[in-house]
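1. Just to be clear, the model below is a prediction. Sequence and coordinates:
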Amino acid sequence: MQLVLRPFSLTDVDDLVKHANNFNISKYLTNKFPFPYGQKDGEGFIQFALSHQPLQVKAIVVDNEVVGSIGIHQLADIYSKSAEIGYWISESYWGKGIVPQAVKEMLKYGFETFDIDRIFARTTHTNLASQQVLKKAGFIFEAELKSTIFKHGEYFDERIFGFRKHQLA
């Protein structure tokens, strides 16, 4: 399997919709990631991904097929030295070591591209796979906030993991 992170293209919409239209993915993401995930959702997301300079969102491409997305978003004001990373990958690629590799690549890109000292990620306490991804990529558990996420009629604890610029090898 060959992993490439690259800018999205409008021609990626069919791959994007094929892999994003999955409740098992959307249940762990914000409500901005809909289920079902249709053509208009994919087109809108690609336009959003291409609208930032410098680039914040990249396509996760395996063997020339877009199978996910990863992004780094710098915060503003007093939080401007931090950025949040977010990602998802097609369920058919879960557990194959692709996402930790993509996260490590985006850490390097994020610290080279943005004037930041910290990249962090948030997960629900139930998303153990994402927590493992972050640990494999070198993130350190920073905090747990009780019942701060509300999705599908229930509350979840929010776990925050951070990676500092000085940790880059």
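-> Cool, got the structure.

2. And the residue nearest the centre of the protein?
-> The residue lying closest to the centre of the chain (CA atoms, centre = their mean) is residue 87, at 1.7 Å.

3. Does the residue lying closest to that one once chain neighbours are set aside belong to a helix, a strand or coil?
-> Once flanking residues are discounted, residue 87 sits nearest to residue 70: 4.1 Å by CB to CB, 6 or more residues apart in numbering. The way it works is simple: take the backbone N, C-alpha and C, and place the C-beta from them, glycine included. Secondary structure assignment for residue 70 (DSSP: H, G, I helix; E, B strand; the rest coil): strand.

4. show me where the chain has helices.
-> 13-20, 23-26, 39-50, 98-113, 128-136 (DSSP state H).

5. what's the first one packed up against?
-> With contacts defined as 3 or more CB pairs under 8 Å, 6 or more residues apart in numbering; DSSP states H and E, the packing partners of helix 13-20 are helix 39-50, strand 65-74.

6. what about the residue nearest to residue 116 when sequence neighbours are not counted, neighbour count?
-> Once flanking residues are discounted, residue 116 sits nearest to residue 83: 4.9 Å by CB to CB, 6+ apart. By other CB atoms under 10 Å, the residues close to residue 83 number 24.

7. Mind pulling the model confidence for residue 1?
-> pLDDT for residue 1: 80.

8. Would you check how far apart it and residue 101 are?
-> 10 Å (CB to CB, to the nearest Å).

9. More neighbours: these two, which one.
-> Taking other CB under 10 Å, residue 1 and residue 101 do not tie; residue 101 has more neighbours (16 against 9).

10. give me the beta-bridge partners of the nearest residue to the more buried one once chain neighbours are set aside?
-> Residue nearest to residue 101 in three dimensions, not counting chain neighbours: residue 3, with 5.8 Å by CB to CB, 6+ apart. When assigned by DSSP bridges, residue 3 has beta-bridge partners residue 62.

11. what residues are up against residue 3?
-> 60, 61, 62, 98, 101, 102 (CB atoms under 8 Å, 6 or more residues apart in numbering).

12. In those residues, find the pair that's most separated.
-> 61 and 101 (12.4 Å; CB to CB).

13. In stretch 142-154, which residues are buried?
-> Neighbour counts over stretch 142-154 (16 or more other CB atoms under 10 Å) mark residue 149 as buried.

14. Then stretch 47-63?
-> For stretch 47-63, burial by neighbour count (16+ other CB under 10 Å) applies to 49, 55, 56, 57, 58, 59, 60, 61, 62.

15. how about the CA coordinates for that stretch, as PDB?
-> Taking C-alpha atoms only, stretch 47-63 is exported to PDB below (Å, rounded to 0.1, in the frame of the first residue of the first chain):
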ATOM      1  CA  GLN A  47     -14.300  23.400  -2.000                       C
ATOM      2  CA  PHE A  48     -13.700  24.100   1.700                       C
ATOM      3  CA  ALA A  49     -10.500  22.100   1.600                       C
ATOM      4  CA  LEU A  50      -9.200  24.000  -1.300                       C
ATOM      5  CA  SER A  51     -10.200  27.400   0.100                       C
ATOM      6  CA  HIS A  52      -7.300  27.900   2.500                       C
ATOM      7  CA  GLN A  53      -3.800  29.200   1.900                       C
ATOM      8  CA  PRO A  54      -1.700  27.700   3.200                       C
ATOM      9  CA  LEU A  55      -3.400  24.400   2.700                       C
ATOM     10  CA  GLN A  56      -5.000  23.000   5.900                       C
ATOM     11  CA  VAL A  57      -6.700  19.900   4.700                       C
ATOM     12  CA  LYS A  58      -5.300  17.100   2.600                       C
ATOM     13  CA  ALA A  59      -6.600  13.900   1.000                       C
ATOM     14  CA  ILE A  60      -5.400  10.600   2.400                       C
ATOM     15  CA  VAL A  61      -4.700   8.600  -0.800                       C
ATOM     16  CA  VAL A  62      -3.900   4.900  -0.800                       C
ATOM     17  CA  ASP A  63      -3.000   3.300  -4.100                       C
END
